[in-house]
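Student: here is a sequence together with a model predicted from it:
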Amino acid sequence: MNPESFIEQAKRAFAITKKDIRIYYLKGPVIIFGLFMPLFLFLAFAVGNRGLSMPFLISGLLAMTVFFTATAVSPVIQPWEAQARTLERLIACPITMRTLIAGDMFASVLFGIGIAAVPIGIGALLGIVPLHPLLLLAGIILASVCFSALGLLLSTPATNVPSNIMMLSSLLKFPLVFISGVFIPVEQLPFWGQVLAVCSPLTYFTDIARYCIMETNTFPLAVNFAALAAFSVTFTLLAIRLHARTVSRRI
Amino acid sequence: MKEAEHQEDAIIANDLRKVFSEIIAVDSISFTVHKGEIFGFLGPNGAGKTTTARMLTGVMQPDSGSAAIFGHDIVSDPIRAKQRCGVVPETANAYTDISAWQNLMLMGELYGVPKHYAEERAASLLKALGLLERKDQKVQGFSKGMKQRLILAMALLHEPDLLFLDEPTSGLDVQSTHLITGMLRELNNTGTTIFLTTHNMDEANRLCDRVAIIRKGRIAAIDSPERLKMAIERLHTIEVSFDPAQTADDPTTLPGIKSARREGDKWVITTEDVDSTIHAITAYGAEQGVKIGMLRTLAPTLDEAFLRLTGADSA
């Protein structure tokens, strides 16, 4: 066995994924921030904005749910591990930082993909069926990867207090929801809002969801996918680099 | 460092140094741990023991210097170095939201142990450490001793050639301490090299082939426990009794003896050379036609050696 081989490290990343799913995914903050928070935001907007169509709101709910869920767990796994004193044991194992990040990220991606079934199911109950399901699935997968990587990037500050990271994460996530076309179409935002929308990865997934559900889009589909891919790569590489620097300071 | 030259050594540390915010935690220390030995790492709180262990296990990178585990540099070749090691960190915990068995299987997967072998090994380790009946229970219900035994089992699942233990029996009950030290002896008998960081002098004295004493980030001494104890005292004390107690001549005239006084039915003798004096005493007994009823050397304890070498006794 060559412990450095790609296959061996991939197996070990998957072990980390299984551990994360078993341990972290049923914790209260994940359910609250990942599922209930977007659902209540959706209900608030659905009640308050009677002019918006239900397909518009469902596509927004889908984007928001995947975003909130994929970024709910990944930022707090390492602070949780540090606080529970399991991190030192984990990083003493023969795994690279890439493996550790990949394992945490994959768990988050799976959760993001799984949770997407909830808003799609709500839409189906209301008679809203995706017009391009395969394209939507591809968008959900890529968006989950991108948002999970963003979550991991948010957890790089060397703290072992999960609530500190959750605060930082909420500080970024909530403003992003309002400038990414989830509740207000990007075209209706003021100029500065449109500039910010271009910088938000959530904008591109919201646009994909809207195209797949109601066939309207702000950016060309290729641009949406390319932007999400570019954000994913950037966030992942930055997360690996920064975690390698800060991980020993958590212990 | 030429890796091939040192394959026979388990650990080679060269000028390891670590600084935290201008505080020198480890100050250019060098030492070697031979394959198959139990090496104790002793020092007062804040001396740099845990930082050294963390650098050797790849948890923390040294600011300068190098360390090799069975020839694999821990910075440039960390995966192969870590693959050979089992680690029981000082403040570590098992995952409390999953069972003991799931913790062990996770370790098996992280070290690339085939599943069927990991299951066999986990069952045997849990049995040896008295945890088999609790294997499916969540770890959060375990006592401190049970958790520590589980962490040891987790470190041993992949049969490491080198085991790092940082204060493994600190604060544990007698049963857990006994189980853990017993298992360490068995492991060492089967060839596992052990790097043991401990405050427990008695444990170090009983288990270790050699100990290093670290003080303010620097190594104050490295030697076997007995030699360290001997090295700190120039004069040693020997107690001896003869049967019958009365002899024609006093042993005060024996060569090498600095002083001898009678206390009850025994003689208390001080000498610089324990070996020569014991030989002289046995020859004296034969010459006088008396039996030696009791003979013991009163060497300093490892505690005393530790206090002397770390300067704590002069504080």
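Tutor: Now that the structure is in, tell me what you want to look at. It should be emphasised that the depicted structure is a prediction, and the values quoted were computed from it without experimental measurement. Numbering: from 1, shown residues only, chains lettered A, B, ... in the order given.

Student: can we go C-alpha only for contacts and neighbour counts from here?
Tutor: Will do.

Student: tell me what the lowest-mean-pLDDT helix or strand in chain A is packed against?
Tutor: Within chain A, no helix or strand scores below helix A:28-31, which has a mean of 72 by mean pLDDT, DSSP states H and E. Applying 3 or more Cα pairs under 8 Å, 6 or more residues apart in numbering or on different chains; DSSP states H and E, one finds that helix A:28-31 contacts helix A:54-73.

Student: what mean pLDDT does the helix it packs on get?
Tutor: What helix A:54-73 shows for mean pLDDT is 89.

Student: what is the subsequent helix or strand relative to that helix?
Tutor: helix A:77-83 (DSSP states H and E).

Student: quick revisit: residues making contact with the least confident helix or strand of chain A?
Tutor: Residues outside helix A:28-31 that contact it (Cα atoms under 8 Å, 6 or more residues apart in numbering or on different chains) are A:Tyr24, A:Tyr25, A:Thr69, A:Ala72, A:Val73.

Student: got the residues of the stretch 101-250 of chain B near chain A?
Tutor: Within the stretch 101-250 of chain B, the positions near chain A by Cα under 8 Å from any Cα of the partner chain are B:Leu106, B:Glu109, B:Leu110, B:Tyr111, B:Gly112.

Student: do that again at 6 Å, thanks
Tutor: By the rule Cα under 6 Å from any Cα of the partner chain, the part of the stretch 101-250 of chain B lying against chain A is B:Glu109, B:Leu110.

Student: re the thing from before, which parts of the least confident helix or strand of chain A are buried?
Tutor: A:Pro29, A:Val30 (16 or more other Cα atoms under 10 Å in any protein chain shown).

Student: and the angle for the helix or strand following that helix with helix A:54-73?
Tutor: Counting by DSSP H and E, the next helix or strand C-terminal to helix A:28-31 is helix A:37-48. Helix A:37-48 and helix A:54-73 are oriented at 150 degrees to each other (axes from the mean of the first three to the mean of the last three Cα atoms, to 10 degrees).

Student: pLDDT weak spots in the chain?
Tutor: Looking at chain A here, since you left the chain open. A:49-50 (pLDDT under 70).

Student: should've been chain B
Tutor: For chain B (pLDDT under 70), the answer is B:1-7, B:231-235, B:247-248, B:299-304, B:310-315.

Student: show me the strands in it, by range?
Tutor: For chain B, strands defined by DSSP state E occupy the ranges B:9-20, B:23-34, B:38-42, B:64-69, B:72-73, B:85-88, B:162-166, B:193-198, B:210-215, B:218-223, B:236-243, B:257-263, B:266-271, B:291-298.

Student: can you give me the buried ones in the last one?
Tutor: With burial defined by 16+ other Cα under 10 Å, the residues of strand B:291-298 counted as buried are B:Ile292, B:Leu295.

Student: which strands and helices lie in contact with that strand?
Tutor: If you count contacts as 3 or more Cα pairs under 6 Å, 6 or more residues apart in numbering or on different chains; DSSP states H and E, strand B:291-298 packs onto strand B:236-243.

Student: parallel or antiparallel, which strands does the strand it packs on pair with?
Tutor: Pairing partners of strand B:236-243, with direction, according to DSSP bridges: strand B:266-271 (antiparallel), strand B:291-298 (antiparallel).

Student: so what touches the shortest one?
Tutor: Okay, so that is strand B:266-271. Identification of contacts with strand B:266-271 by Cα atoms under 6 Å, 6 or more residues apart in numbering or on different chains yields B:Leu235, B:His236, B:Thr237, B:Ile238, B:Glu239, B:Val240, B:Ser241, B:Ile257, B:Lys258, B:Ser259, B:Ala260, B:Arg261.

Student: the fourth one: how many residues sit nearby?
Tutor: The criterion is other Cα atoms under 10 Å in any protein chain shown. On that basis, B:Ile238 has 18 neighbouring residues.

Student: tell me what it is bridged to.
Tutor: B:Ile269, B:Thr297.

Student: circling back: what's the closest of the contacts of strand B:266-271 to A:Ile128?
Tutor: Using Cα to Cα, B:His236 comes nearest to A:Ile128 of the contacts of strand B:266-271, at 92.3 Å.

Student: counting neighbours, what do you get for B:Ser259?
Tutor: Neighbours of B:Ser259 using other Cα under 10 Å come to 14.

Student: distance of it from B:Thr57?
Tutor: Separation of B:Ser259 from B:Thr57 (Cα to Cα, to the nearest Å): 50 Å.

Student: then B:Asp173?
Tutor: Look at B:Asp173 and B:Thr57: by Cα to Cα, they are 27 Å apart.

Student: ok, B:Val26 next?
Tutor: Relative to B:Thr57, B:Val26 is positioned 15 Å away (Cα to Cα).

Student: doesn't A:Phe147 belong to a helix?
Tutor: Yes - assignment of A:Phe147 by DSSP: H, G, I helix; E, B strand; the rest coil places it within a helix.
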